[in-house]
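Trainee: just a sequence and a predicted model for now, questions to come.
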Amino acid sequence: MARDIIHDAVKSALIKDGWTITHDPYPIVYKEVELSVDLAAERAIAAERGNEKIAVEIKSFVGRSPIQDLKTALGQYILYLTFLELVDPMRKLFLAIGEKIYLEFFQQEAIQLIQERYKVSIIVVNLSNQEIVKWINEQNTEP
């Protein structure tokens, strides 16, 4: 499976933010279905709470149409979320995107409706600095 063109920048941003990459990619297996999310990461939090665990699907949105890219990303996100809740319920799923597509596309009211309706949690990454600029956690859980 080919990596997204922003894969390395997102991975670097997560590491800079204190995350340890545990899987690249992260397999999700449920019954006869086998899927792979781009990354999995963990970071230690307060001793009594253990580790935060995330899975991250990375999308560059460089296709001919951001709507087509969103349809693909949303379909993957829903599949991954459904199976992840069953096989690794403590791991939270995020969609990682570049800051430019976030500002130019994800700020549109219609796109925000989709994001909120399907509870898509997002990591916004400044790709040139390889730094996380925003966490949008629609699942209302850590991190």
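Mentor: Now that the structure is in, tell me what you want to look at. Residues are numbered from 1 along each chain as shown.
Trainee: only C-alpha atoms from now on, for both contacts and neighbour counts.
Mentor: Fine.
Trainee: so how far is the worst-scoring helix or strand of the chain on mean pLDDT off the chain centroid?
Mentor: Each helix and strand of the chain was given a mean pLDDT (mean pLDDT, DSSP states H and E); the minimum falls on strand 39-44 at a mean of 92. Strand 39-44 has its C-alpha centroid displaced from the chain centroid by 12 Å (CA atoms, centre = their mean, to the nearest Å).
Trainee: mind listing the strands the next helix or strand after it pairs with, and their directions?
Mentor: Going down the chain from strand 39-44, the next helix or strand is strand 51-58, by DSSP states H and E. Looking at strand 51-58 with DSSP bridges, its partner strands are strand 39-44 (antiparallel), strand 91-98 (parallel).
Trainee: so which of those is the most packed in?
Mentor: Mean neighbour count, computed with mean count of other CA atoms under 10 Å, is highest for strand 91-98 among the strands paired with strand 51-58, reaching a mean of 24.
Trainee: ok, residue 13 - how many residues close by?
Mentor: 22 (other CA atoms under 10 Å).
Trainee: need phi/psi at it.
Mentor: Torsion angles at residue 13 (phi, psi; degrees, to the nearest 10) stand at phi -60, psi -40.
Trainee: what's the answer for the one 10 residues further on, then?
Mentor: With angles defined as degrees, to the nearest 10, residue 23 shows backbone torsions of phi -150, psi 140.
Trainee: can you map out the strands along the protein?
Mentor: For the chain, the strands defined by DSSP state E cover 20-23, 26-30, 33-37, 39-44, 51-58, 91-98, 122-126, 131-136.
Trainee: turn the ones you listed into CSV, including distance to residue 78.
Mentor: Output for these, formatted as CSV (distance: least, CA to CA, whole Å):
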stretch, distance to residue 78
strand 20-23, 20
strand 26-30, 13
strand 33-37, 12
strand 39-44, 16
strand 51-58, 11
strand 91-98, 10
strand 122-126, 13
strand 131-136, 17
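Trainee: among those strands, which comes closest to residue 4?
Mentor: Counting by CA to CA, residue 4 lies closest to strand 51-58 out of the strands of the chain; the figure is 6.6 Å.
Trainee: thanks a lot, see you next time.
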